[in-house]
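> I would like the atomic coordinates for the input below:
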Amino acid sequence: MSDREFHTVGKPVERQDGPEKVMGCARFADDISFAGQLAAVMVRTPYSHAKIRSADYSAIEKHPSLVAVCDARDISGVNKVGVVRKDQPVFCDERIVTPGDVVAMLVGESEDDLFALRDKIRIECEPLPILTDPLKALDADAPLIHPDLNSNLINHYPLRKGDVEKGLAESEFILEETYSTQCIEHAYLEPECVTAVPREGNRGVDVVGSIQNPFTTRRIVAEVLNLPLNRVRVQQAQLGGSFGGKDDTMCILAARAAVAALKTGKPVKIRYRREESILESYKRHPYILHYKVGYNRDGRIRAMKIDVLADGGAYASMSPFVTWRTVVQATGPYEIEHVWTDVRAVYTNNPYTGAMRGFGSPQPIFAQESIMDEIAARLNMTPDEIRRVNALRKGSVTASGQILDDHDVNVITVLDTAAKTTDFAVKWREFQSENKPAWNPSDVTLKPEEFIHPNHQWRRGIGLAVSYRGCSLGAEGVDAAAAYLALQPDGSAYLLCGLAENGQGLGTTYSIIAAEVLGIPVSSVVYLDLDTSHIPDSGPTVASRATLMGGGAIKNAAEIVRARLEEIIRKEWNLPVEVPLAFCGGAVRSDKDATRKITIGD
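Got it, this is the predicted structure:
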């Protein structure tokens with residue numbers, strides 16, 4: 001189907017959640033309140049690593065502002081949770097392993113009063129040695145973050161292709177570099193917020209909040225409360241930013257709120273201030289990446305030996321999946337005959353790290369593209385030339401052994417298009433000459449006297465980087481999505497998918513797909529808010545899979561409905577199957593007889 005045949009896809013449409021956001025009417029998590037609602041405040045210690053000896057609440061227990069104190073003793077199910085490995089306590093009762101750890105939660109009517117009461121609690125701890133350097137995490141004498149695991153290793157993924165030592169030995173040149181990337185905060189505009197409401201008779205709990213992954217949240221809350229999934233309902237409020245950051249943290253906050261709601265019999269809201277958000281939320285993994293690359297005079301890379309260490313912080317979180325992506329992508333979109341890659345994630349007492357946009361890709365891309373530029377400089381090649389020599393082609397074998405024989409492998413096409421459109425090679429050499437670079441291609445490290453003076457720091461330049469990355473879950477699990485489409489008697493429709501709308505316009509995208517298949521205006525489609533009690537679990541909105549998987553489910557659902565309508569219309573008009581029917585403009589027409597027309601509602 002060409003673009004000219006689409007009546008909705010590719011055409012301007014009004015974003016469905018746009019007006020309410022522009023006018024300030026959108027209801028975010030903190031805009032939602034319930035009668036009798038209580039506030040909750042976390043209780044932490046000043047330690048990064050310590051054994052908890054005791055917690056004394058006697059100084060505040062009779063205070064009129066306090067309704068309840070919640071800690072590990074109030075959990076009827078499991079206290080340790082996790083998306084992959086269950087190693088993170090909802091309430092710490094044995095050890096503190098990172099500064100964001102929570103020992104207890106105060107519940108009452110006034111958030112400000114609870115903050116004042118928090119300072120009167122006495123928690124006795126025995127300090128333990130602190131591990132902050134991931135390079136020391138696997139040393140024999142390193143403090144164990146989780147002693148029951150007998151190691152600080154979260155996971156290790158090795159990848160081998162060819163004979164790397166042979167490839168290095170046969171290379172004309174060797175370049176060895178170490179790169180590092182920093183810990184990064186998601187910094188979404190809206191801090192975490194969630195409210196739990198007990199069902200009548202404490203027969204379950206409803207949760208609503210700034211939740212990126214409602215179905216994972218439901219599972220964690222059910223495990224903590226020791227309830228079946230059908231007694232936990234999770235609704236998603238409008239999301240004020242996430243970028244992957246409102247998954248694990250929100251699961252645990254939802255569980256804490258749910259514990260408090262069932263204990264007090266009242267709705268309980270947890271609303272983080274910015275300091276708490278930064279303190280407890282997980283970050284992007286800092287990486288240390290060591291590359292040893294063998295290459296020839298013509299720019300062909302013969303071998304890559306790569307060692308990557310990821311700082312997972314105090315909890316495993318998504319480290320096993322993040323680093324899983326890294327090991328496949330560490331060599332970039334280049335065909336290299338000999339590859340040796342080791343990717344490890346380790347525990348430290350640093351803030352724990354998890355999902356963030358890019359999910360294991362930005363760090364190795366930075367390293368592999370930096371080293372490609374350095375090789376190009378040594379060989380007096382332009383950055384696009386060195387990449388063109390090594391880029392994957394049809395029939396190439398990737399580092400993980402996948403043969404690209406049934407693929408449209410278009411790395412070089414994309415590279416050539418970008419280089420031609422920007423006149424890259426000419427500008428690159430022009431700017432290099434104009435800026436008179438201080439570095440020597442054989443030694444790219446600047447000496448103190450070679451740094452550019454602040455008064456002369458503005459320069460024109462051009463650069464490029466090439467990367468590749470998979471969409472959807474791949475080897476991480478079964479990939480499926482569900483859709484609910486209900487066509488109404490007047491031709492309008494309700495639409496829902498089990499993937500979360502996190503502010504990226506997913507509801508509008510799904511509505512466009514349904515409208516295209518059914519031939520109705522996008523304005524006739526109402527996209528419903530995600531509610532775990534209304535649609536099957538469709539996995540997380542991650543890995544650029546939402547349009548691909550959820551959109552496929554929407555398209556399938558719409559085609560089923562359309563097929564039913566076609567069957568009725570053909571019977572009514574006595575039309576054979578070979579006569580096409582056109583669904584467009586909210587109506588159905590027969591190509592055989594232009595006078596035959598009926599609205600979808602009719």
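> can we go C-alpha only for contacts and neighbour counts from here?
OK.
> point to the helix or strand of the chain where mean pLDDT is at its lowest.
Every helix and strand in the chain was compared by mean pLDDT, DSSP states H and E; the lowest is helix 424-435, with a mean of 86.
> can you tell me what sits against that one?
Residues outside helix 424-435 that contact it (CA atoms under 8 Å, 6 or more residues apart in numbering): Thr382, Asp384, Ala418, Ala419, Arg459, Arg460, Gly461, Ile462, Gly463.
> centre of the chain versus it, how much separation?
Distance of helix 424-435 from the chain centroid (CA atoms, centre = their mean, to the nearest Å) equals 37 Å.
> list just the nearest of the contacts of helix 424-435 to Ile375.
Distance to Ile375, by CA to CA, is smallest for Thr382 among the contacts of helix 424-435, at 9.8 Å.
> ok, that closest one touching Ala376?
Yes - counting by CA atoms under 8 Å, Thr382 touches Ala376, with 6.0 Å between them.
> of the contacts of helix 424-435, which pair is most distant in space?
Ala418 and Arg459, at 21.6 Å, using CA to CA across these.
> quick one: which of those two has more around it?
Comparing Ala418 with Arg459 by other CA atoms under 10 Å, the one with more neighbours is Ala418, at 14 against 8.
> ok, that one to Thr98 distance?
Distance, Ala418 to Thr98, by CA to CA, to the nearest Å: 45 Å.
> residues making contact with the lengthiest helix in the chain?
The residue-count maximum for a helix in the chain (DSSP state H) belongs to helix 551-573. Applying CA under 8 Å, 6+ apart, the contact partners of helix 551-573 are 481-485, 487, 497, 509-510, 513-514, 517-518, 576-577, 581.
> just those: which are in strands?
The strands, defined by DSSP state E, take in Ala483, Tyr484, Leu485, Leu487, Cys497, Leu581 from the contacts of helix 551-573.
> ok, of the residues you listed, which one's closest to Tyr47?
For those, the minimum distance to Tyr47 (CA to CA) is 43.1 Å, reached by Cys497.
> for that closest one, name its beta-bridge partners.
Beta-bridge pairing for Cys497 (DSSP bridges): Ala483.
> okay, now it: neighbour count?
Using other CA under 10 Å, the number of residues around Cys497 comes to 30.
> just the helices in this structure please.
18-22, 111-118, 164-169, 214-225, 248-264, 274-280, 319-329, 362-378, 383-390, 411-422, 424-435, 506-518, 551-573.
> and the ones you listed, which one's lowest on average pLDDT?
Comparing mean pLDDT across the helices of the chain, the weakest is helix 424-435, with a mean of 86.
> quick check: buried residues in it?
By neighbour count on 16 or more other CA atoms under 10 Å, the buried set for helix 424-435 is Phe424, Ala425, Lys427, Trp428.
> what's Ser507 in contact with, if anything?
Quick fix: residue 507 is Gly, not Ser. For Gly507, the contacting residues are Gln16, Glu501, Tyr527, by CA under 8 Å, 6+ apart.
> give me that answer again for 6 Å
With contacts defined as CA atoms under 6 Å, 6 or more residues apart in numbering, Gly507 is in contact with Tyr527.
> report pLDDT for Asn440.
Predicted confidence (pLDDT) for Asn440: 65.
> please list only the buried members of the contacts of helix 424-435.
Buried subset of the contacts of helix 424-435 (neighbour count, 16+ other CA under 10 Å): Thr382, Asp384, Ala419.
> shaky segments in this protein?
Across the chain, the ranges flagged by pLDDT under 70 are 1-4, 435-442, 444.
> gap between the closest residue to Ala72 other than its chain neighbours and Thr326?
In this structure, Ala72 finds its nearest non-sequential neighbour in Phe91, 5.2 Å apart by CA to CA, 6 or more residues apart in numbering. Separation of Phe91 from Thr326 (CA to CA) stands at 32 Å.
> bridge partners for the nearest residue to Pro158 once chain neighbours are set aside, pull those for me.
Distances taken as CA to CA, 6+ apart put Asp342 closest to Pro158, at 4.5 Å, once the chain neighbours are dropped. For Asp342, the beta-bridge partners under DSSP bridges are Pro158, Asp307.
> got a list of what Asp342 touches?
Asp342 makes contact with Tyr157, Pro158, Asp307 under the criterion CA under 6 Å, 6+ apart.
> got JSON lines for the residues you listed, with neighbour count too?
Listed next are the contacts of Asp342 as JSON lines, based on neighbours: other CA atoms under 10 Å:
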{"residue": "Tyr157", "neighbour count": "16"}
{"residue": "Pro158", "neighbour count": "14"}
{"residue": "Asp307", "neighbour count": "19"}
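> who wins on neighbours among the contacts of helix 551-573?
Cys497 (30 neighbours).
> does it really touch Ala483, like I thought?
Yes - using CA atoms under 6 Å, Cys497 is in contact with Ala483, at 4.3 Å.
> okay, and the beta partners of His290?
When assigned by DSSP bridges, His290 has beta-bridge partners Thr178, Asp307.
> what angle do the longest helix of the chain and strand 483-487 make?
Interaxial angle of helix 551-573 relative to strand 483-487 (axes from the mean of the first three to the mean of the last three CA atoms, to 10 degrees): 30 degrees.
> only alpha carbons, please: show helix 551-573 as PDB.
Provided in PDB are the C-alpha atoms of helix 551-573 (Å, rounded to 0.1, in the frame of the first residue of the first chain):
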ATOM      1  CA  GLY A 551      -0.200  -1.400  16.600                       C
ATOM      2  CA  GLY A 552      -0.200  -4.900  15.200                       C
ATOM      3  CA  ALA A 553      -2.800  -5.900  17.700                       C
ATOM      4  CA  ILE A 554      -5.000  -2.800  16.900                       C
ATOM      5  CA  LYS A 555      -4.700  -3.600  13.200                       C
ATOM      6  CA  ASN A 556      -5.700  -7.200  13.700                       C
ATOM      7  CA  ALA A 557      -8.700  -6.200  15.900                       C
ATOM      8  CA  ALA A 558      -9.900  -3.600  13.400                       C
ATOM      9  CA  GLU A 559      -9.500  -6.100  10.500                       C
ATOM     10  CA  ILE A 560     -11.700  -8.600  12.300                       C
ATOM     11  CA  VAL A 561     -14.400  -6.000  12.900                       C
ATOM     12  CA  ARG A 562     -14.100  -4.800   9.200                       C
ATOM     13  CA  ALA A 563     -14.400  -8.400   8.000                       C
ATOM     14  CA  ARG A 564     -17.600  -8.800   9.900                       C
ATOM     15  CA  LEU A 565     -19.100  -5.600   8.500                       C
ATOM     16  CA  GLU A 566     -18.000  -6.700   5.000                       C
ATOM     17  CA  GLU A 567     -19.800 -10.000   5.400                       C
ATOM     18  CA  ILE A 568     -23.000  -8.300   6.400                       C
ATOM     19  CA  ILE A 569     -22.800  -5.700   3.600                       C
ATOM     20  CA  ARG A 570     -22.100  -8.200   0.900                       C
ATOM     21  CA  LYS A 571     -25.100 -10.300   1.900                       C
ATOM     22  CA  GLU A 572     -27.300  -7.200   2.000                       C
ATOM     23  CA  TRP A 573     -26.100  -5.900  -1.400                       C
END
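> the residue nearest to Thr217 when sequence neighbours are not counted: neighbour count?
Closest residue to Thr217 apart from its sequence neighbours, by CA to CA, 6+ apart: Cys251 at 4.5 Å. Cys251: 26 surrounding residues under other CA under 10 Å.
> same deal with Ala558?
24.
> same deal with Ala480?
Ala480 has 16 neighbouring residues, counting by other CA under 10 Å.
> what about it, distance to Pro64?
From Ala480 over to Pro64 (counting by CA to CA), the distance is 50 Å.
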